[in-house]
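coordinates only, no sequence provided:
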């Protein structure tokens, strides 16, 4: 979506757009990413750039994305690497070498973090990667700050010859406000790859020397001022330290409780490497300092480590605030009211209401809905195990037996299959996961002769993060040949919207030894070119209530949102404005009570 | 300072309405920030937008509306209105759609079915708050021949709550940002 430019020439945008605009305005040449919320819209925003100057690598995983961004920066180009927090685990291997290789062009790694796990399976705190990689880490406090810090990160990266991390949490990534864009005087470099074995052939004595050199560069960076923002009364004996999105939460509560005279606040915008002198200057007149930050207490640890023996005041943090979830206004308010014995101007009212949850579900026409119906029919009655993976197939969350990380379905199943060979089991995963790392996992199962049935959910897109393309989107990859090439001999291609056929196939694979792949084909119903959508104008469906015996399979087990039950007489109906014509319900109904009306399509053969 | 939540279910146009409201407020010389929460689901999950409107600086405002600071709650679903009342204060104004969207995924979950069978309007009407119930969906069908324009009607209530009288700016932004809605624009004139 194009930016709306307001009357005062500010652009209204969210954190994702701020990242994209900063990269564009900083002269970025190369963008590599793997899609993941909350930074899933950065690259689509950059794709709006019509200049054609920016090259985008839609990498199949974060490991590849990281290496390609390093390659771009080695030529002198500015590169942007974008991923979510858990993606940093996948990229960690190459990033451990990015610091010693002395990149030329600025390389900025934007990581979408997720305290509170709003859009992730976990809220892992990835701050600890900063000292492990030994990369500077910047943390913005607002959307404007996201824009400024991403831009600043490019020049810092070039100065330190290391990549720079910028962490953007969900509450900033999806926060929209005015962003003032500025143009820098950045001269595009001549791109050239200089062969430099001293840093790029990193073995033996060179590896140790390069490591030392990298540490010295970061130590030099540590001495440079980060110019943290300070707020309120510098003479107050009580100090509060924040980083990232907690800054504004804390500021607001201090102002609302009218404690601005009694507190001095510092926001650490560069938590690693921490400029300890800036902290010591802040701490000089304080008797107590409280670090308020999301998650593990990374900043508190850095402060205690760097300022040990150099300040006289007490420092607390995670002994007060939990190490899980986002720091909330309520937690901050309770802390402040306890410390200063004050009351809120507007008291919250205690309402007692009961509201059912609306956890994620499959959309109408989703190929995963009928697939999981088929899996349940095939193995649930025998206490079968269903391995789950990340993605749309994990909506709703209770359809599999675990929901942990990418390729957990295909991976954990192997260990269970080794030890519980008689228990029916399938692993599941999308085609995005297969190409992300699942292919290696599948080949490993082949090499180890594991009895495994993997259900490959091929919906031709990485749907959950906004329909980014997958290798099967364009049909460039012949999945069957690929699976055969890695040694899978038992491949069953099935239609996602024919669950009865799929149930039969799943049951039949139990008797076959080795690795079996059931390749379930069915487009995401939200794809503009989805086959089901193309037929929407031609197909109509309805339930013949004379034939329907009320078994309720379509309503309570297939659970299609387009199928509803009349609360007065319990009859079942299809809402045609919701129905996406996938026709899975036809296959499910044992009474042939669902009638499809579709004119015979004329087929022309060449 | 005015804190507003627009709540509903995926597919009702909450995200885009929040943007329209934010831009309309900005054009009326307010400073605005808004944050949309939709989780991982592509559709049918709870969606809400927290909009914070002020004449002062917004740099010291958290993304989330603090408990007890919600001034207006506009909900296109009565359950979704109830979901956010914990943020309300004594003078919070609630505009809520009467008709609830089905709770699809909970068909196998007993607790949810029990709750879903109860009437959210009963709970809403018991609240010691100013609650106005609307038929946004039916009105939109009646006026525009589509339920999709319910968010437009809810948006007009947002403007009233914010005392912004110039609906032209709202209309311009709404139809600029949602090209598909332009076909219904003529109905407004009528």
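In hand now; what should we look at? Because the structure is a prediction, the values reported are computed rather than measured.

drop to CA atoms for contacts and neighbour counts, all remaining ones
OK.

which residue does chain B bring closest to chain A?
Across chain B, the shortest distance to chain A (Cα to the nearest Cα) belongs to residue B:68, at 3.8 Å.

burial count for that residue?
22 (other Cα atoms under 10 Å in any protein chain shown).

who's in contact with residue A:54?
A:28, A:29, A:30, A:31 (Cα atoms under 8 Å, 6 or more residues apart in numbering or on different chains).

for it, give me phi and psi.
Dihedral pair for residue A:54: phi -90, psi 130, per degrees, to the nearest 10.

again, but for residue A:177
Comment: the main-chain dihedrals of residue A:177 come out as phi -160, psi -180, following degrees, to the nearest 10.

burial count for it?
The number of residues packed around residue A:177, counting by other Cα under 10 Å, is 28.

name the nearest residue to it, ignoring sequence neighbours.
For residue A:177, the nearest residue in space outside its immediate sequence neighbours is residue B:33; the separation is 4.6 Å by Cα to Cα, 6 or more residues apart in numbering or on different chains.

which elements pack onto the host helix or strand of that neighbour?
Per DSSP states H and E: residue B:33 is located in strand B:31-37. Applying 3 or more Cα pairs under 8 Å, 6 or more residues apart in numbering or on different chains; DSSP states H and E, one finds that strand B:31-37 contacts strand A:175-179, helix B:14-27, strand B:46-54.

let's see 6 Å
strand A:175-179, strand B:46-54 (3 or more Cα pairs under 6 Å, 6 or more residues apart in numbering or on different chains; DSSP states H and E).

residue B:88: which of those strands is closest?
Put simply, out of the helices and strands packed on strand B:31-37 the one that sits nearest residue B:88 is strand B:46-54, at 12.9 Å, with distance taken as Cα to Cα.

the following helix or strand past that closest one pairs with which strands?
Per DSSP H and E, the first helix or strand lying C-terminal to strand B:46-54 is strand B:70-75. In the sheet, strand B:70-75 lines up against strand B:2-9 (parallel), strand B:88-97 (parallel) (DSSP bridges).

could you identify which of these is most buried?
Mean neighbours per residue, mean count of other Cα atoms under 10 Å in any protein chain shown, is largest over the strands paired with strand B:70-75 for strand B:2-9, with a mean of 26.

tilt between that one and strand B:31-37?
With axes from the mean of the first three to the mean of the last three Cα atoms, to 10 degrees applied, the angle from strand B:2-9 to strand B:31-37 works out at 30 degrees.

and stretch B:54-61, anywhere near chain A?
Yes: residues of stretch B:54-61 contacting chain A under Cα under 6 Å from any Cα of the partner chain: B:60, B:61.

so what touches that stretch?
Stretch B:54-61 has contacts (Cα atoms under 6 Å, 6 or more residues apart in numbering or on different chains) with A:248, A:251, A:252, B:1, B:30, B:31.

check contacts around the residue nearest to the spatial centre of chain B.
Nearest to the mean C-alpha position of chain B, by Cα atoms, centre = their mean, lies residue B:6 at 2.7 Å. Counting by Cα under 6 Å, 6+ apart, residue B:6 touches B:48, B:49, B:74, B:75.

is the third one bridged to anything, and to what?
Note on residue B:74: beta-bridge partners by DSSP bridges are residue B:6, residue B:95.

the first one too?
When assigned by DSSP bridges, residue B:48 has beta-bridge partners residue B:7, residue B:37.

that one: how many residues sit nearby?
The tally of other residues near residue B:48 (other Cα under 10 Å) stands at 26.

quick check: it touching residue B:37?
Yes: the criterion here is Cα atoms under 6 Å, and residue B:48 meets it with residue B:37 at 5.4 Å.

and chain A, which residues reach chain B?
Taking Cα under 6 Å from any Cα as the contact definition, chain A meets chain B at A:118-119, A:174-177, A:248-249, A:251-252, A:329, A:347-349, A:356, A:358, A:360-361, A:556, A:561.

pLDDT weak spots in chain B?
In the prediction, chain B carries residues with pLDDT under 70 at positions B:40-42, B:104-117, B:186-190.

ok, now which ones touch residue A:530?
With Cα under 6 Å, 6+ apart as the criterion, the residues that contact residue A:530 are residue A:523.

make it 8 Å
The contact partners of residue A:530, by Cα under 8 Å, 6+ apart, come to A:523, A:524.

kindly report the same for residue A:293.
Under the criterion of Cα under 8 Å, 6+ apart, the contact list for residue A:293 reads A:242, A:243, A:244, A:246, A:299, A:317, A:327.

element containing the residue of chain A found nearest chain B, please.
Of all residues in chain A, the one sitting closest to chain B is residue A:348 (3.8 Å; Cα to the nearest Cα). In the assignment (DSSP H and E), residue A:348 maps to no helix and no strand.
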